[in-house]
Structures are given as C-alpha cells and as structure tokens.
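Colleague: prediction below, plus the sequence it came from.
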Amino acid sequence: MIKIPSKERALDMYEKMYLIRAYEEEIYYLFFEGIMPGTIHQSTGQEACAVGMLYDLRKDDYMATTHRPAGHDLAKGVSLKSMMCEMFGKAEGCCKGKGGAMHTGDFTVGAMTANAIVGGNLPIAAGVALAFKMQKKDNVVVCFFGDGATNEGAFHEAMNAAATWKLPVIYACENNLYSATTSIKITCNMENPAADRAAAYNIPAEVVDGNDVLAVNEAARRAIERARKGEGPTIIELKTYRRCGHSRNDACGYRPKEEEEAWYARDPIALFRNRILEEKVATEAELAAIENRITEEIKEAVEYAKNAPFPALESALEDIFWQGGND
Ligand SMILES: Cc1ncc(C[n+]2csc(CCOP(=O)(O)OP(=O)(O)O)c2C)c(N)n1
Ligand SMILES: [Mg+2]
C-alpha cells in the first residue's frame, strides 16, 4: 500500500474527489427534476482516476477527455460555477452554454473540450503532444478513454504515432468493464484491453487499481516524468467501476448484482476517507468541514447558474467557425 502523502496533499486530493462526487450527484437530481436540458454521462465511482492522474499536472499541461468529462474537468481546474452554468445552457458556462454536459472543458486551464466520439480524442491528444514536442516545450498531455475505445481503429493509429514519435502523452484507460451496456468480455479477448496491447507498439504500460487515488497518482507521476524527459508515451490502465448507469435512464440491468456489490464495497472516496481516519492524518471533524464546504459551494453554484442569463440570440453563430487570430 502506498504511504499517505502530506496531510495537505491528502486532504486536497480528498476534497477534489468529494467535489466531483457531490457535483455528479447534484447534476443527477437536477436532470431528473427536468430543469436541465440535454443528457448526462456521469463518472460517479471513477473519481480516483481523475484526481490521481491529473493532480500533478501543471495548468499549462493539457487533458483530453471524452463523453464522461465532468470529473476530469473539475480535477483539471475548470471552475465549478462555469461547469454548472454550462449544464443550464447559460452564457457564463465554460462553453458559453453551447456545449452542454458532453462537451465541457476550458482551454485556459488546459482542459480540452470533451470529444463525444469514442476514441476520437486519442489521435487529437497525440497531435497536441506533437505540437508541444515541435515547440520544444516540456508540457505533457493526459488523455482519458474507456475500455470500449481500445477496440476502435483510432486507438491503434494514436498508439502507433505516439510511440514512433516518442510523444509526451499519457494514455489513461478507465477500464470500467463496460462500454455503454456491453461487457468488455464479449468484445475483447484480453484481460487488460489497453495495457496488453501496449507491447504491440513498444509502449510501457501499467495496470493500476483505479479506485486507489494514491496508486493512480504514483503511476501518473512516473509517466509524467518520462514524458517530460522526452522518453515518450505511457499507457496506464485503471481498473474501476461506474456507480451510475451509462447515461440517463440506465438502471444497469445488464450488470450482475454480486459484481456491483463487490465494486461498491471498494468505493474510491470511502476507501481514501477510511485511510485518512485510520492513519490519523485528519479527524472526522476536519473531513466533515471539507464536505460541508463543498455542499455549500455546490448549492451556491446551482443558484447562480439558475439565475444567470442565457446567451444572447445574436451570439448563436459565434464560436462555431474560426474567427481569426493566431492563438
Ligand atoms: C465512434 C462512436 N461509436 C459509438 C458511440 C456511442 N457510445 C457513446 S459512449 C459508448 C461506450 C464507450 O465505452 P467506453 O469506451 O468503455 O467508455 P465508458 O462509457 O465506459 O466510460 C458508446 C458506444 C460513440 N459516441 N462514438
Ligand atoms: Mg467502459
């Protein structure tokens, strides 16, 4: 078991995971109240992957995500208020209210707007990493994708390019055992669909407990260091599980109850909370204070977003086509 880092770092990681969980739960209720437009694909249960992978990135490093982006965005530093405004389609949303739940992001904090095409973000992340390399910068890219994405052609093209050109990109596969409602067991003949394929491209790979934030973080730090030193890509396969359906209205009837129970007993937030308490890193009161503060912040963000203005009608065609400039 990996040693708990400093108290400050442990509590900060806990806070980030708690924020993601509380945000996703709030969105779930708001969506089913019928006051939030669009659809939702949530990452509840996968918080340790987001926080562990992104905790040691710099603001000017990039993160590429896909159709389940909220946790990744919050962990990369997209503001809660701008995420919430985006959910309500408001002008102050991180995509000015035009992206919605599946396309959140904020380039000013290195969170590339989410790509809904399964596997579509993998070659784009390689492209960003190539740009960093050509500009002789030491920035890195962390690219999240699911187990299902490993069966897409784009996965193989991206791995080949990243390996051949030694690109500073870390590919983080969140293997939650299902792609939408289909078990990985019936679409792939491998135990580790991302890591086992790494050898084909001569990319180093690790298989990690994706519900242990410290284990994820250690693997991420090793990979980030390699990438910054110009040693090329790493594939990290994170074993994890959704605590929610694939998208709205999915009651998960396709998942065996025993499987759900076994994974729910290893909830990433409860696991880390228990360790913090058992090892006396912080008290119950200190953790409760963090949780209460986050609950308040979420309430405030919801009220703010509900009352915020919609985008002006005249702005409907803005930000769709390139409007000039060199940045
Ligand atoms: C190219 C493409 N095919 C199909 C879909 C529909 N779709 C959206 S999410 C998803 C499942 C993806 O599974 P996985 O990569 O394991 O990610 P997870 O949903 O488990 O996070 C599918 C099939 C899509 N968005 N893009
Ligand atoms: Mg999956």
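Modeller: It's in. Note that the structure is predicted; figures quoted are calculated from it, not measured. Ligands and ions are numbered 1, 2, ... in the order given.
Colleague: near ligand 1, which residues of this protein?
Modeller: 67-68, 116-118, 146-149, 174, 176, 178-180, 246 (CB under 6 Å from any ligand atom). Bear in mind the C-beta positions are built from the backbone N, C-alpha and C, glycine included.
Colleague: any of those residues buried? List them.
Modeller: 67-68, 118, 146-149, 174, 176, 178-179, 246 (16 or more other CB atoms under 10 Å).
Colleague: can you lay out these as a markdown table showing pLDDT?
Modeller: Below are those laid out as a markdown table (pLDDT from 0 to 100):
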| residue | pLDDT |
| --- | --- |
| His67 | 97 |
| Arg68 | 97 |
| Val118 | 98 |
| Gly146 | 98 |
| Asp147 | 98 |
| Gly148 | 98 |
| Ala149 | 98 |
| Glu174 | 98 |
| Asn176 | 98 |
| Tyr178 | 98 |
| Ser179 | 97 |
| His246 | 95 |
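Colleague: check contacts around Glu24.
Modeller: Contacts were defined as CB atoms under 8 Å, 6 or more residues apart in numbering; by that measure Glu24 touches 42-44, 70-71, 244.
Colleague: of the residues of the chain next to ligand 1, list those near ligand 2.
Modeller: 146-148, 176, 179 (CB under 5 Å from the ion).
Colleague: any idea how far the closest residue to ligand 2 within the stretch 151-300 of the chain lies from Glu318?
Modeller: Nearest residue of the stretch 151-300 of the chain to ligand 2 (CB to the ion) works out as Asn176 at 4.3 Å. Distance, Asn176 to Glu318, using CB to CB, to the nearest Å: 36 Å.
Colleague: kindly report the same for Leu238.
Modeller: 37 Å.
Colleague: residue of this protein nearest ligand 1, please.
Modeller: Per CB to the nearest ligand atom, Gly146 is where the chain lies closest to ligand 1, at 2.2 Å.
Colleague: follow-up on the earlier one: from the residues of the chain next to ligand 1, pick the one nearest Gly232.
Modeller: Nearest to Gly232, judged by CB to CB, of the residues of the chain next to ligand 1 is Ala149 at 20.3 Å.
Colleague: which residues touch the closest residue to that closest one other than its chain neighbours?
Modeller: Distance criterion CB to CB, 6 or more residues apart in numbering; nearest residue to Ala149, sequence neighbours excluded, is Gly119 at 4.1 Å. Contact analysis of Gly119 by CB under 8 Å, 6+ apart lists 145, 149, 152-155.
Colleague: mind running it again at 7 Å?
Modeller: 145, 149, 152, 154-155 (CB atoms under 7 Å, 6 or more residues apart in numbering).
Colleague: again, but for Met13
Modeller: Contact analysis of Met13 by CB under 7 Å, 6+ apart lists 51, 55, 213.
Colleague: burial count for the last one?
Modeller: Which is Val213. Other residues within reach of Val213 by the criterion other CB atoms under 10 Å amount to 28.
Colleague: if we ignore the residues flanking it in sequence, what's nearest it?
Modeller: Nearest one to Val213, counting by CB to CB, 6+ apart, is Ala48 at 3.9 Å.
Colleague: that neighbour and Val142, how far apart?
Modeller: 14 Å.
Colleague: same thing with Ala194?
Modeller: For Ala194, the distance to Val142 - CB to CB - is 14 Å.
Colleague: can you check Leu277 too?
Modeller: Applying CB to CB to Leu277 and Val142 gives a distance of 30 Å.
Colleague: more neighbours, these two?
Modeller: Val142 (28 against 14).
Colleague: now for Gly45: which residues touch it?
Modeller: Here Gly45 is in contact with 240-243, 267 (CB under 7 Å, 6+ apart).
Colleague: pairing partners for the residue in the stretch 1-150 of the chain that ligand 2 sits nearest to in the sheet, please.
Modeller: Ranked by CB to the ion, the top residue of the stretch 1-150 of the chain for proximity to ligand 2 is Gly146, at 3.5 Å. Beta-bridge partners of Gly146, counted by DSSP bridges, are Glu174.
Colleague: residue contacts, it?
Modeller: Contacts of Gly146 (CB under 7 Å, 6+ apart): 66, 174, 176, 179.
Colleague: Glu92 too?
Modeller: 82, 85, 308.
Colleague: hang on, the second one is in a strand, isn't it?
Modeller: Spelled out, that is Cys85. No. Counting by DSSP: H, G, I helix; E, B strand; the rest coil, Cys85 is not found in a strand; it is helix.
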